[in-house]
Structures are given as C-alpha cells and as structure tokens.
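Participant: 3D model of this:
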Amino acid sequence: MLLIDKPAGHTSHDVVARARRALGTRKVGHAGTLDPMATGLLTLGVGPSTRLLTYLVGLDKQYETTMLLGRATTSDDAEGEPIGTPAPADALEAVTDARLAQEVARLTGAIEQRPSAVSAIKVDGRRAYDRVRAGEEVALAARAVRIAAFDVLAVRRTGGAIEVDARIDCSSGTYIRALARDLGAALGVGGHLTALRRTQVGPFAVASAIDLDRLAEQGPSALLAAAAVAEQLFPVLRLDAQQAVDLGHGKKLDLAGREDAEPVAAVAEDGRLVALVSVRRGVGRTLVGFPA
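Facilitator: From the prediction side, this is the model:
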C-alpha cells in the first residue's frame with residue numbers, strides 16, 4: 001500500500017500514473033477519488049494489495065476546508081460558474097456567528113445530502129458530470145450520510161463574502177462541496193467550496209504520506225506492507241506454518257473457540273498477509289487471498 005499527499009491540479013488518475021512509473025508496475029489502483037482542486041491523502045494499492053482497496057473505500061474521512069458564503073456556483077466549488085448575483089451586504093450582515101453556528105449544527109449528525117450534479121455518480125450508465133457538461137439537467141437523489149464533527153475553525157468577513165474554515169469528520173460518500181452549498185442555501189446567501197484537503201482516511205493520516213517527488217526518489221521503499229495496513233483495520237489471526245500453507249491452498253481452517261468475525265487479517269509467522277478470512281462457528285474461510 002502507498003499513502004500519497006496529492007497536490008492541487010492533479011487528478012487521482014494522474015497520481016496513479018506517476019506511481020506506476022515510479023514503481024515499475026501497471027497494477028496500481030486508488031481508493032477514494034479526490035477532485036483536481038483538492039489536496040491531501042490518497043490511498044493506493046500496489047500489486048496484489050489492490051485487493052485491499054475495497055475495504056479502504058468505505059472508511060470514515062476527515063477534511064479541512066474553506067467555504068465561501070455569498071455566492072453559489074454550478075459545481076458547488078470554485079471551478080464552477082457563478083449562479084445569479086452575489087449576496088447583498090444586508091444578507092451577509094444577517095449571517096451572525098450565532099446563526100452560522102446554528103446552521104452548522106443542523107448539518108451535523110445523520111443527514112440527508114443531495115450530491116453535487118457535477119459528480120462521478122453514474123446516471124443511466126453515464127457520469128453525472130458528463131451529462132451536465134452536455135447541457136443536461138441532472139438532479140441526483142439525496143442519500144444518507146453522517147457528519148460526526150463540523151468544527152468551525154475561523155470566520156473571515158471580507159468585502160462581499162464570508163470565508164469559513166472548517167474541519168469535518170464524515171462517513172464515506174459525503175460530498176464536502178454539497179455541505180458548502182447547503183450551508184450557504186440555509187443562510188440565504190449561497191455558498192461554495194474554495195479549498196479542500198483530506199487529512200485522514202480511517203486510521204491513516206496525511207502526516208504519514210509522501211509527496212509525488214519523494215515517491216520518484218524512494219520507489220518501492222515507500223510502500224507499506226499489506227499486513228501492516230490490514231492489522232490497523234481488522235482483527236488479526238496469527239497463523240502457524242501449516243495453517244499458512246493450508247490457507248494459501250484455499251483450505252478451511254479449524255478455529256474452534258475463536259469468536260465469529262469478518263474480515264479477519266490472517267498473518268503468517270514471517271509477517272506476510274496470507275488472506276482476509278471469515279470466521280464462523282469455528283471455521284475459517286478465505287474471503288480474499290494474497291499470493292506470496
């Protein structure tokens with residue numbers, strides 16, 4: 001696995017392409033796309049470890065963001081076209097700190113969120129953003145997401161706008177752009193995202209990531225072992241030598257007395273991740289195998 005601090009102006013696909021060149025392999029994938037304007041933590045899988053990416057996609061995320069209140073855009077971020085006219089001065093003056101805190105609180109917890117129309121969600125087989133660019137009207141259905149924390153870090157009142165810096169802990173599938181849009185709409189002034197940085201994915205922090213230039217220098221030495229990643233995510237089953245061989249051959253394991261769990265990281269004596277297994281009624285069965 002590989003933790004990358006993505007720079008602004010690069011797509012997630014750009015980062016994958018750079019990683020393929022630096023590591024000398026085509027088998028590289030990522031979990032959780034970041035928009036080109038966004039920076040921060042991108043989690044990549046390399047070789048057989050791409051099989052772990054499915055389990056990383058659904059992890060909770062943390063973001064640091066700047067939202068501009070005073071005008072909405074077509075994409076809910078700074079790359080879109082402005083919608084309508086800027087909010088008048090009296091409307092912005094009505095956005096007091098207390099009122100801002102009230103609306104932020106309403107966007108915290110379990111909420112229904114309508115994703116931005118300019119998103120990668122597929123509508124009848126085509127990405128929503130492709131349909132929007134083709135001039136179609138796209139209205140995506142609201143979905144349930146969880147905002148564990150929406151902490152306002154700073155508020156700057158400038159001429160004709162209000163900038164809000166915030167830290168957001170949320171469930172997978174949350175659109176921070178949509179939070180900026182909905183906050184602006186609730187306050188009656190419109191809003192959009194101007195900066196976004198992903199700082200955490202599950203237990204993995206951007207502080208542990210490397211930038212693309214360092215990846216080119218370090219190459220494979222920058223990789224995290226699959227077992228080290230899996231042990232941070234799942235319960236661990238320590239295998240003896242025979243169990244590792246049996247599991248590698250697809251055999252079931254006798255795990256009498258072990259509690260039911262799924263998935264469990266099955267790790268060999270040499271520290272290698274052999275498989276993710278399901279433990280049910282004292283029997284271990286392979287869910288995903290990792291070849292030596």
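
Participant: what's the domain layout of the protein?
Facilitator: By the record's domain assignment, the chain is partitioned as 2-59+203-222, 61-201, 226-289 (automatic domain parsing).

Participant: kindly check the end-to-end length of the first one for me.
Facilitator: Taking C-alpha to C-alpha, to the nearest Å, the first and last residues of domain 2-59+203-222 lie 7 Å apart.

Participant: could you do the shortest one as well?
Facilitator: Across its full length, domain 226-289 reaches 12 Å end to end, with C-alpha to C-alpha as the criterion.

Participant: and if you look at the longest one?
Facilitator: As for domain 61-201, its first-to-last residue distance stands at 5 Å under the measure C-alpha to C-alpha.

Participant: distance from the chain centre to it, please.
Facilitator: 16 Å (C-alpha atoms, centre = their mean, to the nearest Å).

Participant: and that domain, what's its mean pLDDT?
Facilitator: Here domain 61-201 scores 89 as its mean pLDDT.

Participant: stretch 211-219 now?
Facilitator: Rounded to a whole number, the mean pLDDT of stretch 211-219 is 90.

Participant: list the buried ones in that stretch?
Facilitator: Of the residues in stretch 211-219, those buried under the neighbour-count criterion (16 or more other C-beta atoms under 10 Å) are L212, L215. Where you see a C-beta, it was placed from the backbone N, CA and C, and this is true even at glycine.

Participant: and it, C-alpha only, in PDB?
Facilitator: In PDB, the C-alpha atoms belonging to stretch 211-219 read as follows (Å, rounded to 0.1, in the frame of the first residue of the first chain):
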ATOM      1  CA  ASP A 211       4.500  13.600  -2.000                       C
ATOM      2  CA  LEU A 212       5.000  12.600  -5.600                       C
ATOM      3  CA  ASP A 213       8.500  13.900  -5.900                       C
ATOM      4  CA  ARG A 214       9.700  11.800  -2.900                       C
ATOM      5  CA  LEU A 215       7.900   8.800  -4.400                       C
ATOM      6  CA  ALA A 216      10.000   9.100  -7.600                       C
ATOM      7  CA  GLU A 217      13.200   9.200  -5.300                       C
ATOM      8  CA  GLN A 218      12.200   6.400  -3.000                       C
ATOM      9  CA  GLY A 219      10.400   4.000  -5.300                       C
END
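
Participant: so what touches it?
Facilitator: Under the contact criterion C-beta atoms under 8 Å, 6 or more residues apart in numbering, stretch 211-219 has outside partners 2, 4-7, 10, 15, 18-19, 21-24, 210, 222.
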